[in-house]
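Novice: how would this look folded up:
(chains A, B, C and D)
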2 protein chains.
Amino acid sequence: MIDEIIAVTIIEDDEEIRQSLSYLINATDGFECISTYPDCESALRKIFEELPDVILMDIGLPGMSGIEGIKIIKQKKPVIDIVVLSIHENDEYVFDALCAGASGYLIKEAQPAKILDAIKEVRNGGAPMSTQIARMVVGSFKVQPSPHLTQRETEVLSKLCDGMSYKMIADKLFISEETVRRHIKNIYKKLEVHSKSEAVAKAIKQKLV
Amino acid sequence: MIDEIIAVTIIEDDEEIRQSLSYLINATDGFECISTYPDCESALRKIFEELPDVILMDIGLPGMSGIEGIKIIKQKKPVIDIVVLSIHENDEYVFDALCAGASGYLIKEAQPAKILDAIKEVRNGGAPMSTQIARMVVGSFKVQPSPHLTQRETEVLSKLCDGMSYKMIADKLFISEETVRRHIKNIYKKLEVHSKSEAVAKAIKQKLV
DNA sequence: TCCAATATCCCCCCTTTGGGTTATGGAATA
DNA sequence: TATTCCATAACCCAAAGGGGGGATATTGGA
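Specialist: As a prediction, this is how the structure comes out:
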């Protein structure tokens, strides 16, 4: 696996960047740039025959956005690893790109060696990212301190999130529907909400369940 | 900043690991291990006076779990960076640890140089992780293809997730409540759910909104 | 040109939910 | 020991939600 040549495709509208990346890749042992495209549309017509191992993908493309392109490629060929090339380190598109299926996220100013490392790393099952991006991603997991729910309340809330009605919850927990209502009233107070859907939304977003 | 010595605290129940890490850190320029603890309880009694820059934290501790410890430390002193040391690369606790506030996640078998790098990296705003872990984290963002909702339906669903009632949605979109009902019926069909809370839960989990 | 999808609206009927109030026994804690 | 918190339970009432019909207008393709 490590000995094999990694086939890379570049999708990038800036011709200079495209060519210098392509040159860099072809000049390095173990890498081959098998194709380059200035936009997603033209790339999508060909890459499913070419089947590169890794795609270096710009986000700010003319026509179809890189995000859309990633979605389509990953849906059709999930084995292709996609590494995003972005201009800014602190990019609002990071999460969109990862949600769409990108496995890595680099800034264009990254040194050539970093880019080659990233290609190798993504091929080995890693997720190459700049340090700032990694911290953003990790930071997105952090949950803010939430109001304290009792054990029973948490239990009830979790069943609410499963879509159960008061009656179903009552049966499941072997308590009366009235008690379920009581717990839910208390939950609403603590979460400062006034309906099931608000409670469910808050519970899921704040990972209360 | 870069010139300053990074103060490190180690929380780790295995004495051998604890001491060898401590030795490693103290033997390296730019690092100082200011304290070590075999469990969270004893650490929590002291670290808020010692104020280390970085804590290397084991997860599988006797008594209070590392996850709990991270929560408490980050709640009280968010500036302290916490890097988790775990035994297995493919650890089920990764997400719990990151949600609790950890900024990095390493395996204990990592080479000494990697550990020192990680401490430096986390101090520079990065999120040091092994490649497998990084891929897990990034992978958790990917959304699976979802049933197609029309633009109007997505709009209505998003307002449902905000906790709005049929009536409020109708007013907001300048349509009748009946039309809102109709859209919601169609949404339920497509999502295969039978209540607002189920729809909201599904929408948020699958990032439909 | 006609069909399918979409967005809009209306009806009926019954269940579920949300907010208010009150009460009791047990456990924890101050 | 006294007090507070928790889980349990009941009642009332008005509003909201959910499932079943059916109807009309627009739009964009096949």
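Novice: what's the local residue count around residue A:194?
Specialist: Residue A:194 has 12 neighbours, counted by other CB atoms under 10 Å in any protein chain shown. All C-beta atoms are positioned from the backbone trio N, CA, C, and that covers glycine.
Novice: the biggest helix by length in chain A: which residues count as buried?
Specialist: What stands out as the longest helix in chain A, according to DSSP state H, is helix A:177-191. By neighbour count on 16 or more other CB atoms under 10 Å in any protein chain shown, the buried set for helix A:177-191 is A:180, A:183, A:184, A:187, A:190, A:191.
Novice: from chain B, how far off is the fifth one?
Specialist: It stands for residue A:190. Separation of residue A:190 from chain B (CB to the nearest CB, to the nearest Å): 15 Å.
Novice: okay, which residue is most central for chain A?
Specialist: Central residue of chain A (CA atoms, centre = their mean): residue A:98, 2.4 Å from the mean position.
Novice: please determine how far it is located from chain B.
Specialist: From residue A:98 to chain B the distance is 4 Å (CB to the nearest CB).
Novice: also residue A:193?
Specialist: 7 Å.
Novice: in chain A, which spans are strands?
Specialist: A:6-11, A:31-37, A:54-58, A:81-86, A:104-107 (DSSP state E).
Novice: what is the second one packed up against?
Specialist: When you say that, I think you mean strand A:31-37. strand A:6-11, helix A:15-26, helix A:40-50 (3 or more CB pairs under 8 Å, 6 or more residues apart in numbering or on different chains; DSSP states H and E).
Novice: nearest to DNA strand C, out of those?
Specialist: Smallest distance to DNA strand C across the helices and strands packed on strand A:31-37 (CB to the nearest atom of the strand): 22.8 Å, for helix A:40-50.
Novice: returning to that earlier point: in a markdown table: the strands of chain A, plus mean neighbour count, distance to residue B:69 and mean pLDDT.
Specialist: Below are the strands of chain A laid out as a markdown table (neighbours: other CB atoms under 10 Å in any protein chain shown; distance: least, CB to CB, whole Å; pLDDT from 0 to 100):
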| stretch | mean neighbour count | distance to residue B:69 | mean pLDDT |
| --- | --- | --- | --- |
| strand A:6-11 | 24 | 42 | 97 |
| strand A:31-37 | 19 | 44 | 97 |
| strand A:54-58 | 26 | 39 | 96 |
| strand A:81-86 | 25 | 35 | 94 |
| strand A:104-107 | 24 | 31 | 92 |
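Novice: save these as CSV, and put in distance to residue B:162 too.
Specialist: Converted to CSV, these look like this (distance: least, CB to CB, whole Å):
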stretch, distance to residue B:162
strand A:6-11, 36
strand A:31-37, 40
strand A:54-58, 33
strand A:81-86, 30
strand A:104-107, 30
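Novice: now residue A:15. Nearest residue, chain neighbours left out?
Specialist: Among residues not flanking residue A:15 along the chain, residue A:38 sits closest, at 7.2 Å (CB to CB, 6 or more residues apart in numbering or on different chains).
Novice: return the residues in contact with the one you found.
Specialist: Contact analysis of residue A:38 by CB atoms under 8 Å, 6 or more residues apart in numbering or on different chains lists A:11, A:12, A:13, A:15, A:18, A:61, A:62.
Novice: could you pull up phi and psi at it?
Specialist: Main-chain dihedrals, residue A:38, degrees, to the nearest 10: phi -90, psi -10.
Novice: then residue A:103?
Specialist: phi -110, psi -10.
Novice: for it, the count of nearby residues, please.
Specialist: By other CB under 10 Å, the residues close to residue A:103 number 28.
Novice: same question, residue A:47
Specialist: 22.
Novice: do the same with residue A:163
Specialist: 19.
Novice: how much space between residue A:112 and DNA strand D?
Specialist: 44 Å (CB to the nearest atom of the strand, to the nearest Å).
Novice: what does residue A:172 give?
Specialist: 11 Å.
Novice: what sits closest to that residue if chain neighbours are left out?
Specialist: residue A:159 (6.4 Å).
Novice: any idea how far DNA strand D is from the one you found?
Specialist: Distance, residue A:159 to DNA strand D, by CB to the nearest atom of the strand: 12 Å.
Novice: next up, the contacts around that residue.
Specialist: Residue A:159 neighbours (CB under 8 Å, 6+ apart): A:168, A:169, A:172, A:173.
Novice: for residue A:160, same thing?
Specialist: Counted by CB under 8 Å, 6+ apart, residue A:160 has contacts A:169, A:184, A:196, A:199, A:200, A:203, B:197.
Novice: and if we set it to 6 Å?
Specialist: Residues in contact with residue A:160 (CB atoms under 6 Å, 6 or more residues apart in numbering or on different chains) are A:200, B:197.
Novice: now the one 10 residues further on
Specialist: For residue A:170, the contact set (CB under 6 Å, 6+ apart) comprises A:176, A:177, A:180.
Novice: so who does the second one touch?
Specialist: Residues touching residue A:177, when contacts are defined by CB under 6 Å, 6+ apart, comprise A:166, A:167, A:170.
Novice: so what pLDDT did the closest residue to residue A:170 other than its chain neighbours get?
Specialist: Nearest non-adjacent residue to residue A:170, counting by CB to CB, 6+ apart: residue A:177, 4.3 Å away. What the model reports as pLDDT for residue A:177 is 95.
Novice: relative to residue A:165, how far out is residue A:177?
Specialist: 9 Å (CB to CB, to the nearest Å).
Novice: care to break chain A down by domain?
Specialist: Per the record, chain A has its domains at A:6-140, A:151-205, by automatic domain parsing.
Novice: now render those as JSON lines, adding distance to DNA strand C.
Specialist: Shown next, in JSON lines, are these (distance: least, CB to the nearest atom of the strand, whole Å):
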{"stretch": "domain A:6-140", "distance to DNA strand C": "18"}
{"stretch": "domain A:151-205", "distance to DNA strand C": "3"}
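Novice: among those domains, which is nearest residue B:137?
Specialist: domain A:6-140 (6.2 Å; CB to CB).
Novice: how far is the closest one from where the chain is centred?
Specialist: Centroid separation between domain A:6-140 and its chain, computed with CA atoms, centre = their mean, to the nearest Å, is 14 Å.
Novice: span of that domain from start to end?
Specialist: Using CA to CA, to the nearest Å, the end-to-end distance of domain A:6-140 comes to 32 Å.
Novice: hmm, back to that, now, the contacts of residue A:159 that are in helices?
Specialist: Among the contacts of residue A:159, the subset assigned to helices under DSSP H consists of A:168, A:169, A:172, A:173.
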